[in-house]
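Undergrad: sequence and predicted structure below; questions after.
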Amino acid sequence: MFNKVLIANRGEIALRILRACREMGIRSVAVHSTADADAMHVRLADESICIGPPPAALSYLNPVAILTAATISNAEAIHPGYGFLSENADFATMVEEHGITFIGPSPHHIREMGDKVAAKRACIAAGIPVVPGSDGAVADEEDARAIAERLGYPVLFKATAGGGGRGMKVVHEPQDLAAAMELARAESMAAFGNGDLYLEKYLTRPRHIEVQILADAHGNVVHLGERDCSLQRRHQKVIEEAPSPAISAAQRAEIGGRAANAARVLGYRSVGTMEFLFEDGQFYFIEMNTRLQVEHPVTEMICGLDLVREMMRVAAGAPLDFTQEEIRFSGHAIECRIAAEHPETFAPSPGRVNEYHAPGGLGIRTDSALFSGYVVPPYYDSMVAKIIAHAPDRDTCIRRLRRALDECVVDGINTTIPLHRRLLEAERFVNGDYDIHWLERYVRGDD
Ligand code: MV4
């Protein structure tokens with residue numbers, strides 16, 4: 001196992017990784033921008049190195065600064081967390097070229113899954129059901145028109161370099177196709193420097209269900225069940241839960257088995273997530289994430305595993321020390337992502353946290369880098385805490401999470417806790433009867 005790991009991230013995920021390192025007897029190196037000099041991840045790490053000014057492009061997204069920090073601190077491996085450089089194949093390549101282990105998949109797999117058309121092709125070949133669509137990128141308007149006729153309207157343009165919903169345009173009728181295509185291309189070009197588009201049949205009211213997989217470097221792959229991430233606003237997840245209230249144990253075993261098998265066929269290593277749309281009892285693959293995800297705790301709670309530990313073990317070449325049959329799904333877990341934002345307008349609310357009190361007690365886990373007196377900087381993502389409840393069943397889990405939200409104190413800034421409290425009382429949430437569009441309608445007051 002590694003002696004020393006550099007954590008190329010900040011906030012709650014830097015703490016999450018640091019805690020796994022500490023439990024494994026691995027020394028940790030924190031990196032930070034000047035805005036984060038007093039941050040909790042810096043305070044708790046064994047060593048810390050300042051890597052630049054506040055803007056992420058000059059610090060947490062600067063490969064040279066991070067590699068320099070890793071070199072001078074003699075770190076043997078780098079954990080990228082999520083966001084920032086976590087899915088940057090060029091960074092992963094540079095890390096390995098410096099003789100440092102990138103704690104994640106191979107650069108090849110990061111690159112392949114980053115190209116949404118290549119990812120879809122690879123998954124089709126590996127036996128995964130996908131959304132019907134174009135075979136690769138669309139050539140021109142005429143090509144797109146012919147494919148749309150074959151698929152049937154509505155259809156959806158997506159960016160091959162995409163993700164996060166940018167460069168996506170729905171087309172309801174043939175007369176809107178040309179304009180939508182042009183818009184999608186322009187948006188995709190602006191966001192990714194690549195205007196290539198592909199087409200899919202547009203599913204009108206799916207759920208977003210993703211399957212967690214874990215693979216070692218020896219061909220052992222397991223799936224750790226699914227997470228239902230349908231509760232989102234503007235492509236930002238708000239609440240996630242495991243298991244999904246919409247699928248049966250048989251459906252879980254079926255899609256999980258296929259996902260694990262595909263990862264084995266692809267020669268994938270590390271944690272990974274296959275994202276599916278789920279509609280009318282069918283799963284349709286859309287993309288694969290090659291990082292540790294924000295919502296990984298709900299999977300950890302129901303499986304009793306430490307995914308960061310497993311990631312580090314497989315990166316160091318160790319084989320998985322359990323089989324699929326040994327994984328038991330136990331109870332229900334729900335995560336609320338708390339943002340430093342106004343709960344109704346969603347206006348960012350950085351500033352000083354005068355008083356912070358994390359909820360606790362039976363079945364409650366709070367992943368946060370907050371503390372009383374901390375100043376939330378305006379430069380980064382607004383998520384400041386994740387409150388995760390685990391209980392024997394979904395109903396108890398919801399009650400426990402409501403109780404935890406009531407206990408939580410974040411004084412001095414606005415947070416989305418009041419929104420979460422409302423959501424946990426909403427009939428459609430309580431019944432598990434929601435799709436990817438419900439939360440936005442509910443927030444607008446239309447449901
Ligand atoms: C879709 C879709 C409907 N049909 N693809 C949005 C982000 C990107 N990861 C994929 N997305 C979607 N792809 C087809 N063929 C609807 C969405 C979508 C969505 C997906 C997951 C979670 C929230 C969403 C919100 C709006 C649209």
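TA: Yes, it's here.
Undergrad: C-alpha only now, for contacts and for neighbours.
TA: Will do.
Undergrad: and the stretch 1-150 of the chain, which residues reach the ligand?
TA: Within reach of the ligand by Cα under 6 Å from any ligand atom, the stretch 1-150 of the chain has these residues: residue 131.
Undergrad: all helices of the stretch 1-150 of the chain, in order?
TA: 11-24, 40-44, 63-72, 89-97, 107-114, 116-125, 141-151 (DSSP state H, counting those that start in this stretch).
Undergrad: want to throw those into JSON lines with mean pLDDT and mean neighbour count?
TA: Below are the helices of the stretch 1-150 of the chain laid out as JSON lines (pLDDT from 0 to 100; neighbours: other Cα atoms under 10 Å):
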{"stretch": "helix 11-24", "mean pLDDT": "98", "mean neighbour count": "20"}
{"stretch": "helix 40-44", "mean pLDDT": "98", "mean neighbour count": "20"}
{"stretch": "helix 63-72", "mean pLDDT": "98", "mean neighbour count": "18"}
{"stretch": "helix 89-97", "mean pLDDT": "98", "mean neighbour count": "18"}
{"stretch": "helix 107-114", "mean pLDDT": "97", "mean neighbour count": "19"}
{"stretch": "helix 116-125", "mean pLDDT": "96", "mean neighbour count": "20"}
{"stretch": "helix 141-151", "mean pLDDT": "97", "mean neighbour count": "16"}
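Undergrad: quick one, which of those helices is nearest to residue 414?
TA: Closest of these to residue 414 is helix 11-24, at 17.9 Å (criterion: Cα to Cα).
Undergrad: contacts for stretch 87-102?
TA: 63, 67, 75-80, 85, 106-108, 110-111, 114, 290-291, 315-316 (Cα atoms under 8 Å, 6 or more residues apart in numbering).
Undergrad: could you rerun that using 6 Å?
TA: 76, 77, 78, 107, 110, 111 (Cα atoms under 6 Å, 6 or more residues apart in numbering).
Undergrad: residue in the stretch 51-200 of the chain nearest to the ligand?
TA: Taking Cα to the nearest ligand atom as the measure, the stretch 51-200 of the chain has residue 165 as its residue closest to the ligand, at 3.9 Å.
Undergrad: pick out the most distant pair among the contacts of stretch 87-102.
TA: 76 and 111 (23.0 Å).
Undergrad: hmm, residue 375 is touching residue 352, no?
TA: Yes. In terms of Cα atoms under 6 Å, residue 375 counts as a neighbour of residue 352; the distance is 4.1 Å.
Undergrad: scan the protein for its longest strand.
TA: strand 221-233 (DSSP state E).
Undergrad: show me how far that strand is from its chain's centre.
TA: Centroid displacement of strand 221-233 relative to its chain, using Cα atoms, centre = their mean, to the nearest Å, is 9 Å.
Undergrad: strand partners of that strand, parallel vs antiparallel please.
TA: strand 207-215 (antiparallel), strand 236-242 (antiparallel) (DSSP bridges).
Undergrad: now do the same for it: mean pLDDT, whole number.
TA: The average pLDDT for strand 221-233 rounds to 98.
Undergrad: and the residue sitting nearest the centre point of the chain, how far is that from residue 418?
TA: The chain has residue 293 as the residue nearest its centroid, 3.3 Å off, counting by Cα atoms, centre = their mean. Residue 293 sits 24 Å away from residue 418, going by Cα to Cα, to the nearest Å.
Undergrad: which stretches of the stretch 251-400 of the chain form helices?
TA: 296-303, 307-315, 394-407.
Undergrad: including mean neighbour count, could those helices go into a markdown table?
TA: Output for the helices of the stretch 251-400 of the chain, formatted as a markdown table (neighbours: other Cα atoms under 10 Å):
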| stretch | mean neighbour count |
| --- | --- |
| helix 296-303 | 23 |
| helix 307-315 | 22 |
| helix 394-407 | 18 |
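Undergrad: just put those helices in CSV and tack on distance to the ligand.
TA: As requested, the helices of the stretch 251-400 of the chain are exported to CSV (distance: least, Cα to the nearest ligand atom, whole Å):
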stretch, distance to the ligand
helix 296-303, 16
helix 307-315, 23
helix 394-407, 22
